[in-house]
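1. Build me a structure from this.
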Amino acid sequence: MDGVEVNGYTIEPGANLEGADLAGADLKRARLFEANLYETNLKGANLYRAFLSLAHLRMANLEGANLEMATLTMANLTVANLWEANLTVANLWEANLTVANLWEANLIGADLAGADLEGAKANEDTVWPEGFDPVAAGMTIE
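-> Predicted coordinates for the structure are as follows:
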């Protein structure tokens, strides 16, 4: 998916979607490499297999979003809301998730190698990749 219109916004690599309302949008396989998604509302969006490497998702609302198999390598997800997000088998290699909300998120099979999770929050219903220790990663479990 390159250069398509969704909710009046052009979805393409490097797009400036700061503050956009894309709640519930079907962005399956979208190519948003280096896109500016600062404070974007992606609540309930379908981002299955989306390519979001180096995307700026600071303070984005991804509550309940489907990010299954999404590529988020080196993405900035600082203070992002990922409550109940599906991140199964997502690639979060070296992603910045500081102070992110991961309550009830599903991260089974996710690649968190090199990810910065300092100050991120999760709860007992958050599901982690096998062998991952959230406390050792600097997270708060509430």
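2. Show me where this protein dips below the pLDDT cut-off.
-> Scanning the chain for pLDDT under 70 picks out 1-2.
3. Could you list which residues are in contact with Glu130?
-> For Glu130, the contact set (Cβ atoms under 8 Å, 6 or more residues apart in numbering) is empty. For the C-beta atoms, the positions are set from N, CA and C on the backbone; glycine is no exception.
4. Please determine how far it is located from Ala110.
-> Separation of Glu130 from Ala110 (Cβ to Cβ, to the nearest Å): 10 Å.
5. One more: Asn76?
-> 17 Å.
6. just Lys43 next, same as before
-> Relative to Ala110, Lys43 is positioned 20 Å away (Cβ to Cβ).
7. the more surrounded of Asn76 and Ala110?
-> Neighbours per residue (other Cβ atoms under 10 Å) separate Asn76 from Ala110, with Ala110 holding more: 26 against 22.
8. close enough to count as contact, the more buried one and Asn86?
-> No. Counting by Cβ atoms under 8 Å, Ala110 stays clear of Asn86, with 10.1 Å between them.
9. The protein: strands as residue ranges?
-> 4-6, 9-11, 121-122, 140-141 (DSSP state E).
10. tell me the most buried of those strands?
-> Comparing the strands of the chain by mean neighbour count (mean count of other Cβ atoms under 10 Å), strand 121-122 ranks first with a mean of 22.
11. Now tabulate the strands of the chain in a markdown table and tack on distance to Gly114.
-> Below are the strands of the chain laid out as a markdown table (distance: least, Cβ to Cβ, whole Å):
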| stretch | distance to Gly114 |
| --- | --- |
| strand 4-6 | 31 |
| strand 9-11 | 28 |
| strand 121-122 | 18 |
| strand 140-141 | 20 |
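12. I'd like to know which of the ones you listed lies nearest to Asp26.
-> Asp26 lies closest to strand 4-6 among the strands of the chain, at 7.7 Å (Cβ to Cβ).
13. so what secondary structure elements neighbour that closest one?
-> If you count contacts as 3 or more Cβ pairs under 8 Å, 6 or more residues apart in numbering; DSSP states H and E, strand 4-6 packs onto strand 9-11.
14. Quickly run through the sheet partners of the strand it packs on, with directions.
-> strand 4-6 (antiparallel) (DSSP bridges).
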